[in-house]
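1. take this sequence and fold it.
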Amino acid sequence: MNILYTNFHPGNGGGHTTYLTYLFNGVISQGINAFIAAPKVSKLNKDLKKNHSNRVFDLDFPGKPKEFVNIIKNIKKLKNIIVKKQIDIVHVNGTPDHKVVMLCKWFYKLNFRIIRTKHDSFKIKQNWFANKLYGKYTDQMIVVSNFQYSHIITSDLQKKTTIIHNGIDLDYFQPREKSKALIEQFNIQDNDIVFVSVAGTALHKGWQFLVGAVSSLDDELRRRVKIILVGNSPKSEIVEQYINQLNMHDNVIFTGFMDDVREAVSIADIGFVLSIGVETISFACREMMAMGKPVLVSDYAGLSENINNNQDGWVVGQKSSDQIQKFLEKIKTLDLNQYSNLANQKARQDFGLNKFINKTSQVYS
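-> Numbering: from 1, shown residues only. Next up, the predicted model:
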């Protein structure tokens, strides 16, 4: 069996990059002959070339009408890869690459199968193009949360869809001692309550609602709460609106992008992912739980599927600073060590890579 993975993201790609890195390395370790096509400038392409340069192809996935010439050029490049490597399955991971793969199959009358992983929480549109893309040009679909599956409207697409929750590397993400260097760098005090998110800094990640909730606390508790956000630093106007205007500049720390997030997670008392859009299941949530951090999540999409509420984490309504504030006011009554142990236990039981890779291999079969 020869498999070609595709990914359209030209940059980091976030969860796409994590998902495909785990899957690509995992199926190769099982003896499956796998290749990947991704933009040359992408983190995924660069990372995988370090150990698998002969299995990684530079390919863009343009999709706009004005990019017609580039679309044709990349369809031809894709066809050459599929024919030369005798690809049986192309596993696509977004609509841009799915479109290019569909056009390649149609134009060159090739006989490979198409599997699509849906990484977002958007509903599938009901129009002629979507019906073609998900009907004739999707042989099997994978969703990463029960929420996504419940929002598939057509019974035909449900029948060929499998739910496979994302797995993470439990050997890499383990509990560790708090980073003394970061505690010193961020001026964390012994009685501070440290919230950390490694889910990114885009506003749809919902961190601003935690900031708003903390700003409403009494002075003593407010001073104790530190919020650490790992990811690309937001624009100055975002900082002005959501941090400075609430006088929260002493509470919120943007670390910038980190290749290795474990040091930042190590200093957390509680992790958080409070998304209000796009999110499906969150690698970040699972990574933090594996490191023994209970996580505060919103009830958006599949986030709550990670959590046993009030055991290894907590679930609050999306966009609800009021619910978050009520949670913050009762923190001092919680035994966070117990929550920490249960979070790690949940991760060890449910979040491993073997289950994730084996279930995906079954879909290929």
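
2. tell me which residues touch the closest residue to Leu110 other than its chain neighbours, please.
-> Closest residue to Leu110 apart from its sequence neighbours, by Cβ to Cβ, 6 or more residues apart in numbering: Ile82 at 6.1 Å. Backbone N, C-alpha and C define where each C-beta goes, glycine included. Counting by Cβ atoms under 8 Å, 6 or more residues apart in numbering, Ile82 touches 4, 90, 104, 110, 112.

3. for Lys76, the count of nearby residues, please.
-> 12 (other Cβ atoms under 10 Å).

4. cool, Ile87 as well?
-> So Ile87, with other Cβ under 10 Å, has 21 neighbours.

5. just to revisit the earlier point, a strand runs through the residue nearest to Leu110, doesn't it?
-> No: read with DSSP: H, G, I helix; E, B strand; the rest coil, Ile82 is helix and lies in no strand.

6. what's the distance between it and Val101?
-> Computed as Cβ to Cβ, to the nearest Å, the Ile82 to Val101 distance reads 9 Å.

7. are there residues contacting both of these two? Which ones?
-> Val90.

8. picking that back up, most neighbours of all the contacts of Ile82, which one?
-> Within the contacts of Ile82, Val90 tops the neighbour count with 29 neighbours, counted by other Cβ under 10 Å.

9. helix, strand or coil for that one?
-> Assignment for Val90 (three-state DSSP): strand.

10. test my guess that it contacts Ile115.
-> Yes: Val90 is within contact range of Ile115, at 7.4 Å (criterion: Cβ atoms under 8 Å).

11. residues in contact with stretch 29-46?
-> Contacts for stretch 29-46 (Cβ under 8 Å, 6+ apart): 1-13, 16-17, 20-21, 24, 27-28, 48, 52, 55-61, 78, 81, 85, 87, 97, 357, 361, 364.

12. ignore the last one, stretch 215-229
-> 186, 188-189, 191-197, 201, 207, 210-211, 214, 246-248, 250-255, 264, 267-268, 321, 325, 328-329.

13. in strands only, show me these.
-> Among the contacts of stretch 215-229, the members found in strands (DSSP state E) are 193-197, 252-255.

14. list the contacts for the residue nearest to Val211 when sequence neighbours are not counted?
-> Once flanking residues are discounted, Val211 sits nearest to Met248: 5.4 Å by Cβ to Cβ, 6+ apart. Met248 sits next to 211, 214-215, 227, 242 when contact means Cβ under 8 Å, 6+ apart.

15. where do the strands of the stretch 1-150 of the chain begin and end?
-> 2-6, 33-38, 56-58, 89-92, 113-118, 140-143 (DSSP state E, counting those that start in this stretch).

16. my bad, the stretch 251-365 of the chain
-> For the stretch 251-365 of the chain, applying DSSP E, counting those that start in this stretch gives strands covering 252-256, 270-273, 295-298, 313-316.

17. now those as a markdown table including distance to Val69, mean pLDDT and mean neighbour count?
-> As requested, the strands of the stretch 251-365 of the chain are exported to a markdown table (distance: least, Cβ to Cβ, whole Å; pLDDT from 0 to 100; neighbours: other Cβ atoms under 10 Å):
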| stretch | distance to Val69 | mean pLDDT | mean neighbour count |
| --- | --- | --- | --- |
| strand 252-256 | 37 | 97 | 18 |
| strand 270-273 | 41 | 98 | 28 |
| strand 295-298 | 43 | 98 | 26 |
| strand 313-316 | 49 | 98 | 23 |
